[in-house]
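Participant: I would like the atomic coordinates for the input below:
(2 chains)
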Amino acid sequence: MRGPAARSLLFAALLLSSCSPLQSALVPEGDTARAIAGLFWFFVAVCAAVWLIVMALLLIAVLPKRTAMPDPQIEPDVARERRIGFVIAGGIAATVIVLAVFTGASFLSNKSFAEPRPHSLTIKVTGHQWWWQVNYEARQADQTFETANEIHIPVGQPVKLDFESPDVIHSFWVPNLAGKQDLIPGRYTELTIKADKPGIYRGQCAEYCGIQHAHMAMFVVAQEPQEFAAWRAQQLRSGGGPNSAELRRGQQVFVSSACAMCHTITGTTAGGRVGPDLTHFGSRMTIAAGTTRNSLGNLTGWIADPQGVKPYTRMPAVALTGPDLMAVSHYLESLK
Amino acid sequence: MSAAPKVLRDTDIGDLELEDRLRALWRTPRGLMGWLSSVDHKEIGVRYIVTAFCFLALAGGSAVIMRLQLATPDAHVVGPDKYDQLFTMHGSTMMFLFAVPIMQAFAIYLVPLMVGTREIAFPRLNAFSYWMYLFGGVFLWFCFFSNNGPDVGWFSYTPLALTQYNVGHRADFWAQMITYTEVAGLAVAVQTIVTIFKLRAPGMSLDRIPIFVWGSLVTAFMVVFAMPAVMVASTMLILDRLVNTHFYDVSLGGDNLLFQHLFWFFGHPEVYIIFLPATGFVSAIIPTFARRPIFGQTAVVLSLIATAIMSFGLWVHHMFVTGLPRLGESFFTASSMAIAVPSGIQIFCWIATLWTGRPRFATPLLFVLGFIFNFVIGGLTGVMVASVPIDTQVHDTYFVVAHFHYVLIGGAVFPLVAAIYYWFPKVTGRMMSEALGRWNFWIAFIGFNVAFFPMHILGLEGMPRRVYTYSADMPWGGLNLLSTIGATIFFISFLLLAFNMARSSVRGTVAGNNPWDGESLEWATSSPPPPQNFTRIPVVTSGSPLWENRKTFPTVTGLRADRKEVLVSTLTEAEPDLREPSPDPSIWPLLAAIAIGITFLWSVYTPWAVIYGAVPITVTLVGWFWPKGTKEDES
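Facilitator: Numbers count the residues shown, from 1 in each chain, chains lettered A, B, ... in the order given. Coordinates of the predicted model:
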């Protein structure tokens, strides 16, 4: 299943999942996220109990007193003070025990994440202002390919993500699968993710990275292994020849206009490295790192006025005539 | 002694004549020049407080605009550029221009009164610090209103704040604002330490120092150790931007985590620099309204000191997702959790004080109870974010936004408002309205919780902080709207507070010296205090001097009545040691602040400003320190 059918299925899933959390640490769908959620709820339960106890004590403390006492009591009853001192010492001891248990639980959990895990797939994720470059790595050069803002992974297999940032600090965060990891210029960071079941997990940049930090989303699409293999095989193909006059015109406009200065479409002369690789643009769910859904209308609007859709995006408006604009949009949408 | 010129001592004359003479000596001269050259710690303290409240209003207003923008998905109240400036201004102003200065301002006003002296140590430095603070704040907000506000967040991470990604001068303005306010903050810290160490009334040995004064002392030491780190961070940032020093430029061997380490080495103690004075307010207010001295004075003081020391060992918990070694991170988990212990001791001692006392429910106590309610939530979520695995989920999300607002508003602003209700009569001589105070409390309490509690859930549902908008596809609209409603209610509570203050300062009932029947020395003098604070310096015989000595005080004799003098005492036992002249009003601190302020501002544009500016700075400092020819009084 690929092409339009696959995309409409993804779309349906996207629409459906917008009713339930797409991006939530409370709905773990990966082993790391599940372990963290378990630890989190343990902390919440204990902390809630502690809070209730403290509030109960505070409430009792401020209730009206029956016994008479001097006003002000300059020298309170020494024996009573001493007894209360012991009670407080007990409270402190209990606090220390709770904190020690918390620290131990946290340490063990952290240690388990730090252990290297065998992984079947390594993907290099590069953060840019304000989109994600995704490179699938392999031993043979002809098995590697590049995409953007969408990471497909096989279900049930740990996948290692290697992070890099050429500009500012970003943070990769797909809360349903795992905690976040910063991408820091000049430093090597990584994260291993695993999805338990097929689904589309949204994530977005979590470290303020400039003016469009809000529109730097990405999707992790977890697929059954054979579906993933099919997707991968499709991505390994080059852009594919346009098969109609309209699409040929679109391709012609793309490679001969400013578009090709920034974007790559394999199989054509367009080889720009500044913006996202568009070789399989038509197969992606969204435009501009999750800013709008990928549709012909949205794409046309985006190319005509990128600054109107995502202000301050690095993509400039390219002056195109109406027919050229439509041709380019059709062409890009045909790149499945 | 007969050869010495005749001096007039307080033993030579009666109380009334002495009071008149001291009042004339210590009074700030009238007129504009008098106002500009004042060195009276009370006047400067009030100026600090009023200025800090103006910045609170600006930063609070910024927050309301941000909340309106986030109330609905894809809103267009402000664009991304303005939004980024707003959250940067909000954070920078709240931390550097409101929270720290207002805590220091209370210390400037209250510490000399509480330790029973006539003036803060180094009063001219005090005046200078205020002007530096004012210029730094006004300068930053001027930049904002001319659409040049910094837009890189209050911690201004590199490389985003380097020239490559931040053209123009916005990040420079942020970095220089830090310099101004840190100069001011360090000056106040030094004055506070010296005042507490050397100017305490005789008999106020270490165990009789009021806990608020202890809190101010500990905080001042923290300022001395923490603030240099941020000055280094921001100075290296501005050097990178102006003269290409490459401290943070990765391509030339710099390192971006260096900035984060330096910033958070300051930034975490910063939270306690704000929080510890607030606990000082609480420890001053609870005994008055529980009608007994604080339970476990020694334990509370040791907790303050322990918190201060430990707070320097937690900074890495702001950096858990930067890819530092896991084992090292776990060490910081342990230290971050451990700091809950001294905070816990304080809370238990406050509850025990209330438990064994007979609480009287006036507005200050209400705000203190609200503080305990909210702060315990903030403390417990703090324990959660101290855990590395949990932090990897909630770091940089609205969960953390909720957490630190519970700690900073719940933990510091609620006690601050309590402190305003509590000491307003001392400062103005009039009581604030209790009826409005109760309204104020309930509106603030409800508004605060409605505004910030939902943010915990938003963060867990995946909403990162510092996003100017979010898509309608995300399930965040409802809680964001609720939060905005809460924020608006909370803002209104501050309007009510301002109204109550303004109205009460004119129409409030006259307070008298000690309206709450408090135990510490600031209540021994009139309300408002006279320029000399105390006509006769009290001798302290107990930790609760006003409760021990219901009628009259033992007082110090032998101070001169014909010049400004303070009594210097020994460090631990506060035995009277020396009489020290206190300086007269002077315009030089203002002139020095202007010269230094212009140099800092100019240096944003050219490094040569530091060279040219050295000339006027030297001139003003020479003027300031020119020998006055005051003879040492050796007797």
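Participant: Once you drop chain neighbours, what's closest to the closest residue to chain A within the stretch 201-350 of chain B?
Facilitator: Using Cβ to the nearest Cβ, B:V250 is the residue of the stretch 201-350 of chain B that sits closest to chain A, at 3.3 Å. The way it works is simple: take the backbone N, C-alpha and C, and place the C-beta from them, glycine included. Ranked by Cβ to Cβ, 6 or more residues apart in numbering or on different chains and with sequence neighbours excluded, the top spatial neighbour of B:V250 is A:G186, at 3.3 Å.
Participant: Please settle this for me: is the one you found part of a helix?
Facilitator: No: if the criterion is DSSP: H, G, I helix; E, B strand; the rest coil, then A:G186 is coil and not within a helix.
Participant: OK, contacts around it?
Facilitator: A:G186 makes contact with B:250-251, B:255-256, according to Cβ atoms under 8 Å, 6 or more residues apart in numbering or on different chains.
Participant: before we move on, the earlier item: what separates the residue of the stretch 201-350 of chain B closest to chain A from A:R187, distance-wise?
Facilitator: 8 Å (Cβ to Cβ, to the nearest Å).
Participant: Name the residues contacting each of these two.
Facilitator: With Cβ under 8 Å, 6+ apart as the test, B:V250 and A:R187 both reach B:N256.
Participant: Looking only at residue counts, what's the top helix in chain B?
Facilitator: Looking across chain B with DSSP state H, the single longest helix is helix B:256-290.
Participant: same check, this time on chain A
Facilitator: Looking across chain A with DSSP H, the single longest helix is helix A:78-114.
Participant: And the average pLDDT for it is what?
Facilitator: The average pLDDT for helix A:78-114 rounds to 94.
Participant: Only the buried residues of the helix or strand just after it, if you could.
Facilitator: Using DSSP states H and E, the helix or strand that follows helix A:78-114 in sequence is strand A:121-128. Across strand A:121-128, burial judged by 16 or more other Cβ atoms under 10 Å in any protein chain shown covers A:121, A:123-128.
Participant: Quick check: pLDDT value at the residue nearest to B:V250.
Facilitator: 92.
Participant: That one and B:P202: what is the separation?
Facilitator: Using Cβ to Cβ, one gets 60 Å for the distance from A:G186 to B:P202.
Participant: now A:M218
Facilitator: For A:M218 relative to B:P202 (Cβ to Cβ), the value is 69 Å.
Participant: In what element of secondary structure is the residue of the stretch 301-450 of chain B found nearest chain A found?
Facilitator: The stretch 301-450 of chain B approaches chain A most closely through B:T392 (2.5 Å), counting by Cβ to the nearest Cβ. Under the criterion of DSSP H and E, B:T392 resides in helix B:388-394.
Participant: ditto for A:F219
Facilitator: Assigned by DSSP H and E, A:F219 belongs to strand A:217-223.
Participant: moving C-terminal of that strand, what's the next helix or strand?
Facilitator: Following strand A:217-223 in sequence, per DSSP H and E, is helix A:225-236.
Participant: So which bits of that following helix are buried?
Facilitator: Buried positions in helix A:225-236, judged by neighbour count with 16+ other Cβ under 10 Å: A:227-228, A:231-232, A:234-236.
Participant: got the angle between it and strand A:217-223?
Facilitator: Per axes from the mean of the first three to the mean of the last three Cα atoms, to 10 degrees, the angle that helix A:225-236 makes with strand A:217-223 is 130 degrees.
Participant: name the helices or strands packed onto helix A:225-236?
Facilitator: Taking 3 or more Cβ pairs under 8 Å, 6 or more residues apart in numbering or on different chains; DSSP states H and E as contact, the helices and strands that helix A:225-236 lies on are strand A:145-148, strand A:150-154.
Participant: Give me the pLDDT value at the residue of the stretch 301-450 of chain B closest to chain A.
Facilitator: With respect to pLDDT, B:T392 has a value of 96.
Participant: gap between stretch B:121-141 and the chain center?
Facilitator: 13 Å (Cα atoms, centre = their mean, to the nearest Å).
Participant: can I get the CA coordinates of it in PDB?
Facilitator: The C-alpha coordinates for stretch B:121-141 follow below in PDB (Å, rounded to 0.1, in the frame of the first residue of the first chain):
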ATOM      1  CA  ALA B 121      26.500  50.800  56.300                       C
ATOM      2  CA  PHE B 122      27.900  52.800  53.300                       C
ATOM      3  CA  PRO B 123      24.800  55.000  52.700                       C
ATOM      4  CA  ARG B 124      26.300  56.700  49.600                       C
ATOM      5  CA  LEU B 125      26.900  53.300  48.000                       C
ATOM      6  CA  ASN B 126      23.300  52.600  48.800                       C
ATOM      7  CA  ALA B 127      22.200  55.700  46.900                       C
ATOM      8  CA  PHE B 128      24.600  54.800  44.000                       C
ATOM      9  CA  SER B 129      23.100  51.300  43.800                       C
ATOM     10  CA  TYR B 130      19.600  52.600  43.500                       C
ATOM     11  CA  TRP B 131      20.500  54.900  40.600                       C
ATOM     12  CA  MET B 132      22.400  52.100  38.800                       C
ATOM     13  CA  TYR B 133      19.400  49.800  39.200                       C
ATOM     14  CA  LEU B 134      17.000  52.500  38.000                       C
ATOM     15  CA  PHE B 135      19.100  53.300  34.900                       C
ATOM     16  CA  GLY B 136      19.500  49.700  34.000                       C
ATOM     17  CA  GLY B 137      15.800  49.000  34.200                       C
ATOM     18  CA  VAL B 138      14.700  52.200  32.400                       C
ATOM     19  CA  PHE B 139      17.300  51.500  29.800                       C
ATOM     20  CA  LEU B 140      16.000  48.000  29.100                       C
ATOM     21  CA  TRP B 141      12.300  49.100  28.900                       C
END
